[in-house]
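In: What would the 3D arrangement of this be:
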Amino acid sequence: MDDIKNITEKIKKFRDERDWMKFHNHKDMALSLVLEAAEVLEHFQWKSPEEVISYGKAHNKELSEELADVAMYLFELADNLGVNLKTAMEKKLEINSSKYPVEKARGKHTKYDKL
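Out: Numbering: from 1, shown residues only. As a prediction, this is how the structure comes out:
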């Protein structure tokens with residue numbers, strides 16, 4: 001069993017033991033995903049690039065928990081929508097590889113249509 005499927009099954013077991021599926025509609029899952037991502041961002045708000053690096057190291061446990069929340073909502077939402085995340089990510093990497101060829105994109109942050 002692949003890692004994404006395995007952890008998704010654990011997430012669903014946790015949810016189902018608590019009878020929470022009735023709250024986990026697509027809209028509320030997407031909203032929760034964004035809210036948790038904002039909590040990650042909040043850790044870095046108002047910090048300089050130098051402060052961000054040291055803060056990340058000093059607050060690794062808190063950031064790990066916030067990132068786990070994001071991932072759990074993502075994995076469950078994908079499952080609820082019938083999206084195979086592994087396949088979707090592999091396809092998206094292929095798309096991005098053609099949008100951002102190494103010879104044009106290396107070392108640049110330019111959007112693909114401006115390369």
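
In: Mind pulling up the pLDDT for Leu67?
Out: At Leu67, the model reports a pLDDT of 98.

In: Please read the previous query as pertaining to Lys13.
Out: The per-residue pLDDT reported for Lys13 equals 98.

In: Repeat that for Met1.
Out: For Met1, the pLDDT comes out at 54.

In: so where does the most centrally placed residue in the chain fall, helix or strand?
Out: Nearest to the geometric centre of the chain sits Ala71, at 5.0 Å (Cα atoms, centre = their mean). Secondary structure from DSSP states H and E places Ala71 in helix 60-81.

In: Quick check: which helices or strands does that helix pack against?
Out: Where contact means 3 or more Cβ pairs under 8 Å, 6 or more residues apart in numbering; DSSP states H and E, helix 60-81 is packed against helix 3-17, helix 26-42, helix 85-99. Bear in mind the C-beta positions are built from the backbone N, C-alpha and C, glycine included.

In: Apply 10 Å and report the result again.
Out: Identification of packing neighbours for helix 60-81 by 3 or more Cβ pairs under 10 Å, 6 or more residues apart in numbering; DSSP states H and E yields helix 3-17, helix 26-42, helix 49-58, helix 85-99.
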